[in-house]
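Engineer: Sequence plus predicted model, see below.
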Amino acid sequence: MSFARGEQTLHAYHDRELRGFARWRFERRLARSRELRRELEALALMRELLREGESRERTPDLWEGIARRLPAPGARPARTEVREGLAPLAWLLRPLATAAVAAAAAAALVFALLSGDNAATGVVRWIDSGDRNVMVLEGGEEVTIIWVLGDVSQPPREGGTGDRA
Amino acid sequence: MTGLERALAAAAVVLLLAAGPTSAQNAGRVEIDVMISHISNRPGDIDPAGRKLDRELRDQFRYESLRVLESRRLSLRLDEVGSVDLPNGKPLRVRPLQVGERGVLVAVAIEGTLQTDLRIRNGHLVVIGAEPYEDGRLVISLEPHF
């Protein structure tokens, strides 16, 4: 097995993309090779550091997307009407609704964290855009949009896997 | 076996041998449609060749015109680097690394701007808005077929 092929298999195993016989064969090699186990640990550590770095350093600037959804100057907000029968309960419904939304958000977050395959299903596996913020829209089945925001005069940092291209 | 059967069997063998190298040549190759477009707030037309891209971008970003500057299909083996020069002089480099159940793993780099690894399903469109250019922005579309 060539070095490049072996590296691909290592990445695929780490990303839980190896299945069936290929996974079994790789795990057998893993059990035999201390060097391979070290490489796997190093890869896991590198990904973890990258993830920590991303979450610590990058605060996505979503202004460009938000600006489009802002109302035009002079636009009047739509009136929210409360039915007369529920009006006396409005003071109670509002905090209940807020609590329900918060609980749903917390549940979604816990589900996302517990779901091991979550990261493996996205199109963007790794990204480095230097000091610039990036907006990734992965909503649909058919398209993924990666949008680099702001100035692009500064180069991205060295390293990472993307320099293989 | 009659003479006719022998002839048919021989013909089948010849056909299989002829088809073999073609299949082998295509195996492991990834076709990636690369399209370089320019969107701008300057009033203008939406290029008919970019209507699919326009459909995807229209709801997300504000622009008035869209021009397709270059459209090309790269046919790459795994680990082979394909390169397309962007109009601003920077190269776009694309390198398929692995084909799996969930799509092709592709390393994409725009020199000085962006490096990324993408796992793209067959026919899935990836749009990268990266480079300010003239009075707008260059938009790169990647769509692999394998």
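Structural biologist: Now that the structure is in, tell me what you want to look at. It should be emphasised that the depicted structure is a prediction, and the values quoted were computed from it without experimental measurement.
Engineer: Just read off the phi/psi values of B:Gln36.
Structural biologist: You called it Gln, but residue B:36 is Ile. phi -110, psi 120 (degrees, to the nearest 10).
Engineer: Over to the closest residue in space to B:Ile39 that isn't next to it in sequence. Which of the three states is it?
Structural biologist: Excluding the flanking residues, the one nearest B:Ile39 by C-beta to C-beta, 6 or more residues apart in numbering or on different chains is B:Tyr63, at 4.1 Å. Heads up, the C-betas are built off the backbone N, CA and C, glycines and all. Following DSSP: H, G, I helix; E, B strand; the rest coil, we place B:Tyr63 in the coil state.
Engineer: can you tell me which residues contact B:Tyr63?
Structural biologist: Contacts for B:Tyr63 (C-beta atoms under 8 Å, 6 or more residues apart in numbering or on different chains) come out as B:39-41, B:57, B:136.
Engineer: Now do the SS call for B:Glu5.
Structural biologist: helix.
Engineer: Any idea how many residues pack against B:Val99?
Structural biologist: By other C-beta atoms under 10 Å in any protein chain shown, 18 other residues sit near B:Val99.
Engineer: pretty sure it is in contact with B:Glu31, am I right?
Structural biologist: No. Contact criterion C-beta atoms under 8 Å: B:Val99 and B:Glu31 do not qualify, at 11.8 Å.
Engineer: Which neighbours do these two have in common?
Structural biologist: Shared contacts of B:Val99 and B:Glu31 (C-beta under 8 Å, 6+ apart): B:Phe146.
Engineer: Reformat the contacts of B:Tyr63 into a markdown table and put neighbour count, secondary structure and pLDDT next to each item.
Structural biologist: Below are the contacts of B:Tyr63 laid out as a markdown table (neighbours: other C-beta atoms under 10 Å in any protein chain shown; DSSP: H, G, I helix; E, B strand; the rest coil; pLDDT from 0 to 100):
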| residue | neighbour count | secondary structure | pLDDT |
| --- | --- | --- | --- |
| B:Ile39 | 24 | strand | 95 |
| B:Ser40 | 16 | strand | 94 |
| B:Asn41 | 12 | coil | 91 |
| B:Leu57 | 23 | helix | 90 |
| B:Gly136 | 20 | strand | 91 |
